[in-house]
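K.L.:
sequence plus predicted model, see below.
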Amino acid sequence: AAMALRAVVLGPPGSGKGTVCERIARRFGLPRLSSGRFLRQSLRHGGELGLAGRAEGSLQRGRAAPRGSHIFSGGKRHIPAAHGVCPRAPAGFPRTLGQAEALDRICEPDLVISLHVPFETLKDRLSARWVHPASGRVYNMDFNPPHVHGRDDVTGEPLVQRDDDRPDAVAVRLRKYKEAAKPVIELYRSRGVLHSFSGTETNKIWPYVYALLCSKIPPVRAEEEN
Ligand code: G5P
Ligand code: MG
């Protein structure tokens, strides 16, 4: 349990950050975080993590949250209580150079996984995505459909589509991501911690991610079918 691996998963909207992190968390027993999920939860709970209310409109239009550092200051207070030490496998964070610098002040990531997926694939995936807001569980009508149409597998509660998964919002999100992520990716490349993975299917990317992680940290669970 003293083994500390601070992995970060970066990638455009729909690239499979959440999916990959979920698998990493399950196989390697690492706590998982998602900055996007933090934001959405905090909006739903009236901004108790210290986020400005105006983040909401931005999220729905597909823009990055205003004053991104607030995500972090919110997360910083929240994470240690929930997860012990510091973020071990956050998805979608850091998204800007400022956030990368803020993360360094807490802990420098020793492994950065960057996902590359063609735009057409991203659009198709996101239009088929359904989520269970309370738990953050994510489904896809083609990839991992729920057992009962439109219902969460665990609670049976209704699934919803995210407002920012509309094609116009996806295009805006992708543009923002590219702009902001470039210097972040360069930073990690220059440190020698960046590992990039390209493909149109998470199941084909995953074995490489899994092998990379196995070289750093022992899995707590054997590799199964996916
Ligand atoms: P989020 O929530 O971090 P995004 O836009 O970065 O949002 P998103 O959309 O959640 O990323 P993902 O996590 O990369 O995508 O992808 P996923 O959910 O695992 O997979 C997408 C879909 O494809 C799912 O339905 C999944 O089942 C399916 N899928 C996966 N693999 C395959 C496959 O191989 N085949 C098929 N057919 N399907 C597959 O952040 C939301 C917003 O919050 C703001 C930003 O505005 C962001 O857009 N935000 C921040 N702003 C500032 N700073 C930050 N740090 C911020 N973090 C978030
Ligand atoms: Mg996600």
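P.N.:
That came in fine, so what should we check first? Ligands and ions are numbered 1, 2, ... in the order given.
K.L.:
show me the contacts for the residue most central in space within the chain.
P.N.:
The centroid of the chain falls nearest to Ala91 when counting by CA atoms, centre = their mean (2.8 Å). Listed by CB atoms under 8 Å, 6 or more residues apart in numbering, the contact set of Ala91 reads 9, 17-18, 20-21, 32-36. Where C-beta positions appear, they are placed from N, C-alpha and C, glycine not excepted.
K.L.:
pLDDT score for the residue of the chain found nearest ligand 1?
P.N.:
Nearest residue of the chain to ligand 1, counting by CB to the nearest ligand atom: Gly36, 2.0 Å away. Listed pLDDT for Gly36 reads 78.
K.L.:
returning to that earlier point: just the contacts of Ala91: which are in helices?
P.N.:
17-18, 20-21, 35-36 (DSSP state H).
K.L.:
returning to that earlier point: against Asn203, how distant is the residue of the chain closest to ligand 1?
P.N.:
22 Å (CB to CB, to the nearest Å).
K.L.:
looking at those two, which is more packed in?
P.N.:
Between Gly36 and Asn203, Gly36 has the larger neighbour count (other CB atoms under 10 Å), namely 21 against 12.
K.L.:
how close does the more buried one get to Phe93?
P.N.:
Distance from Gly36 to Phe93, by CB to CB: 9 Å.
K.L.:
what do you get for Val20?
P.N.:
The separation that Val20 has from Phe93, given CB to CB, amounts to 14 Å.
K.L.:
one more: Gly11?
P.N.:
11 Å.
K.L.:
neighbour count: these two, which is higher?
P.N.:
Phe93 (25 against 22).
K.L.:
got a pLDDT number for the nearest residue to Leu97 once chain neighbours are set aside?
P.N.:
With sequence-adjacent residues excluded and distances taken as CB to CB, 6 or more residues apart in numbering, Leu97 is closest to Pro183, at 4.5 Å. According to the prediction, Pro183 has pLDDT 94.
K.L.:
least trustworthy helix or strand in this protein by mean pLDDT?
P.N.:
helix 69-83 (a mean of 36; mean pLDDT, DSSP states H and E).
K.L.:
Asp153 - that's part of a helix, no?
P.N.:
No - secondary structure of Asp153 (DSSP: H, G, I helix; E, B strand; the rest coil): coil, not part of a helix.
K.L.:
need the contact list for it.
P.N.:
137, 146-147.
K.L.:
buried only: go through the residues you listed for me.
P.N.:
Taking 16 or more other CB atoms under 10 Å as the criterion, what is buried in those is 137, 146.
K.L.:
would you format the contacts of Asp153 as a markdown table with distance to Tyr177 and secondary structure included?
P.N.:
Output for the contacts of Asp153, formatted as a markdown table (distance: CB to CB, whole Å; DSSP: H, G, I helix; E, B strand; the rest coil):
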| residue | distance to Tyr177 | secondary structure |
| --- | --- | --- |
| Arg137 | 23 | strand |
| Pro146 | 27 | coil |
| His147 | 32 | coil |
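K.L.:
can you pull out the helices in this structure?
P.N.:
17-28, 35-44, 55-61, 69-83, 97-106, 119-127, 167-191, 202-214.
K.L.:
close to ligand 1: what parts of the protein are there?
P.N.:
Residues of the chain lying close to ligand 1 (CB under 6 Å from any ligand atom) are 11, 13-19, 34-37, 39, 59, 63-65, 68, 71, 91-93, 95, 99, 125, 129, 138, 140, 142-144, 164, 173, 201-203.
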